[in-house]
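Colleague: Okay, sequence plus prediction incoming.
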Amino acid sequence: MSLSQAQKKAFRSIGHHLNPVVTVSENGVSENLLAELSRALDDHELIKVKLALPERDDRAAMINELLDNSKAELVQTIGKMALLYRRNPKANPKLSNVTRFEGHHGRH
């Protein structure tokens, strides 16, 4: 499933207000990190990931590894932040960032 430009735009708007829930350090991807990433995607569907790596190429490689392992889709990267999305049809509406911010497009 590939996200449309309209979906990405809506998700970027939501993602702007999110804090990172997973941080990837120079230690790389571990089983615990993947478990936490999967749990966060199941609960929230749309999450921000902080990549605490100094090199841009290393961050890009890390994002690709996270996407491959989590089956998530990349919405956006800005600097050391990545916005990931994985649909969960059984997501709790009180936890899902997509459901909670539905209709919110950056205007207050």
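Modeller: Looks like it arrived, so ask away.
Colleague: Which of the helices or strands spans the most centrally placed residue in the chain?
Modeller: Against the mean C-alpha coordinate of the chain, by Cα atoms, centre = their mean, the closest residue is L84 at 2.3 Å. Assigned by DSSP states H and E, L84 belongs to strand 81-85.
Colleague: and if you look at I63?
Modeller: Using DSSP H and E, the element containing I63 is helix 56-70.
Colleague: Flag every buried residue along that helix.
Modeller: Neighbour-count burial for helix 56-70 flags 59, 62-63, 66, 70 (criterion: 16 or more other Cβ atoms under 10 Å). All C-beta atoms are positioned from the backbone trio N, CA, C, and that covers glycine.
Colleague: Which other helices and strands does it contact?
Modeller: Contact analysis of helix 56-70 by 3 or more Cβ pairs under 8 Å, 6 or more residues apart in numbering; DSSP states H and E lists helix 31-44, strand 46-51, strand 73-78, strand 81-85 as its packing neighbours.
Colleague: do you know which of those lies nearest R12?
Modeller: Among the helices and strands packed on helix 56-70, the nearest to R12 by Cβ to Cβ is strand 73-78 (5.3 Å).
Colleague: who does that closest one pair up with?
Modeller: Take DSSP bridges as the rule and strand 73-78 pairs in its sheet with strand 81-85 (antiparallel).
Colleague: re the thing from before, export the helices and strands packed on helix 56-70 to JSON lines and tack on distance to G15?
Modeller: Output for these, formatted as JSON lines (distance: least, Cβ to Cβ, whole Å):
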{"stretch": "helix 31-44", "distance to G15": "11"}
{"stretch": "strand 46-51", "distance to G15": "6"}
{"stretch": "strand 73-78", "distance to G15": "6"}
{"stretch": "strand 81-85", "distance to G15": "4"}
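Colleague: what sits up against the strand holding L84?
Modeller: In this structure, residues lying in contact with strand 81-85 by Cβ atoms under 8 Å, 6 or more residues apart in numbering are 3, 11-12, 15, 18, 20, 41, 45-51, 59, 63, 66-67, 70, 72-77, 98.
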